[in-house]
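Chemist: just a sequence and a predicted model for now, questions to come.
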Amino acid sequence: MENLTTGAPLKQPIVFKLVGFDVPPGQGPFLFFLALFAYIVVLLGNGVVICVIMKDRNLHRPMFVMICHLVVCDLLGATAVLPRLMMHFLMGQQKISYLPAIAQGFCVHTYGVAMQTILGVMAYDRFVAVCEPLRYHSIMTSTRLHCCCALAWIVALLLIAVLFSFHMNVPLCGRVLQHVYCSNRIIMNQACIPTPISNIYGLSMTWSVSTGMFIIIAFSYVRILRTSFKQGRTDSSIRTKAFQTCTSHLVVYVFYEIATLIIIVSYRFPSASQNMKKFLSILFIIVPPAINPIIYGLVSKELRAGIIRQFAPRTSHKN
């Protein structure tokens, strides 16, 4: 075996040590059940939403189809991280081989990009629904709806595929990943040689996607606000309906951006403990998937009514 200090890449199968949290003695089982509870909340909340939308024909409309895509995205991010984190808490599992590390990083990054692209498509849908209500069904046809949703996923998958293609033929000398889950930056930090192209592409992609989706969402909601206030002068119910329709989408976007911003800010404070930084990075994976079903269930009257329709017959039958 070649020495790591020589800077030469090792020839045996690559196995990383994913450090994870510094768990105090005896706290592993408690943290395991905490992570398990968070995962169950994510699975139940998103599972109920997607099952109700699929079973209730009244909800087979563009907005709810897009919510289903958002649910799939949430489940992808949470499932990529939380099961392995539970193994870390319960059994102290830290070893992860190269391919599973790449797969986890790919899923986490895809979750991050797809969340933004899907929210961008949802903003366009709300823009058409409020600003062009008479032409909505002719514009947002079934074909265009599925093309927009497919495009959101294709853009995310292609961008992340290019990002991880830079891992090919890059020799890795390090084996210790100082994080809770694998990511492109964490893995590329183990490279024996500088990787400026990967760094530049990663930063450019993040900036472009975030800025592009922000512009789309901001433009859509400025137009929505102008249209709803203009129409609301003659009929206040129009303005109220527009706000109710768009509030859930906007709240989901804001919570996602806050979770992302917390991660960025935490790494700008060297004095913060590693456990604190790692905990804040987990919020990006747990908080949006956990609260999104609650937001849509509380704000969307149609979805709330659909949930009641699915469970009410059983209750009345028992009575």
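Modeler: Perfect, thanks for sending it. Residues are numbered from 1 along each chain as shown.
Chemist: C-alpha only now, for contacts and for neighbours.
Modeler: Will do.
Chemist: now stretch 71-84: buried residues?
Modeler: Neighbour-count burial for stretch 71-84 flags 71-82, 84 (criterion: 16 or more other CA atoms under 10 Å).
Chemist: please apply the same query to stretch 170-180.
Modeler: Quick answer for stretch 170-180 (16+ other CA under 10 Å): 170-180.
Chemist: would you mind writing the CA trace of that stretch as PDB?
Modeler: Output in PDB follows, covering the C-alpha atoms of stretch 170-180 (Å, rounded to 0.1, in the frame of the first residue of the first chain):
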ATOM      1  CA  VAL A 170      -9.200  12.700 -10.400                       C
ATOM      2  CA  PRO A 171      -6.800  10.900  -8.000                       C
ATOM      3  CA  LEU A 172      -7.900  11.000  -4.400                       C
ATOM      4  CA  CYS A 173      -5.300  11.000  -1.600                       C
ATOM      5  CA  GLY A 174      -7.500  11.900   1.400                       C
ATOM      6  CA  ARG A 175     -10.000   9.500   2.900                       C
ATOM      7  CA  VAL A 176     -11.600  11.500   5.700                       C
ATOM      8  CA  LEU A 177     -14.800  13.500   4.900                       C
ATOM      9  CA  GLN A 178     -15.500  16.000   7.600                       C
ATOM     10  CA  HIS A 179     -19.200  16.300   7.100                       C
ATOM     11  CA  VAL A 180     -22.600  14.600   7.800                       C
END
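Chemist: circling back: the buried residues of stretch 170-180 in helices, which ones?
Modeler: Residues of the buried residues of stretch 170-180 located in helices (DSSP state H): none.
Chemist: just name the closest of those to Ser204, please.
Modeler: Val170 (20.5 Å; CA to CA).
Chemist: wait, that closest one touches Gln190, no?
Modeler: No. When contacts are counted by CA atoms under 8 Å, Val170 is not listed as touching Gln190 (9.7 Å).
Chemist: contacts only, for Leu59.
Modeler: Residues in contact with Leu59 (CA atoms under 8 Å, 6 or more residues apart in numbering) are 53, 302-303, 306.
Chemist: show the buried residues in those residues.
Modeler: 53, 303, 306.
Chemist: quick check: the gap between the last one and Ala161.
Modeler: Just to be clear, that refers to Gly306. 37 Å (CA to CA, to the nearest Å).
Chemist: how about Ile96, secondary structure?
Modeler: Recorded secondary structure, Ile96: strand (DSSP: H, G, I helix; E, B strand; the rest coil).
Chemist: excluding residues flanking it in the chain, which one is nearest it?
Modeler: Spatially, and ignoring its direct neighbours in sequence, Ile96 is nearest to Phe16 (5.3 Å; CA to CA, 6 or more residues apart in numbering).
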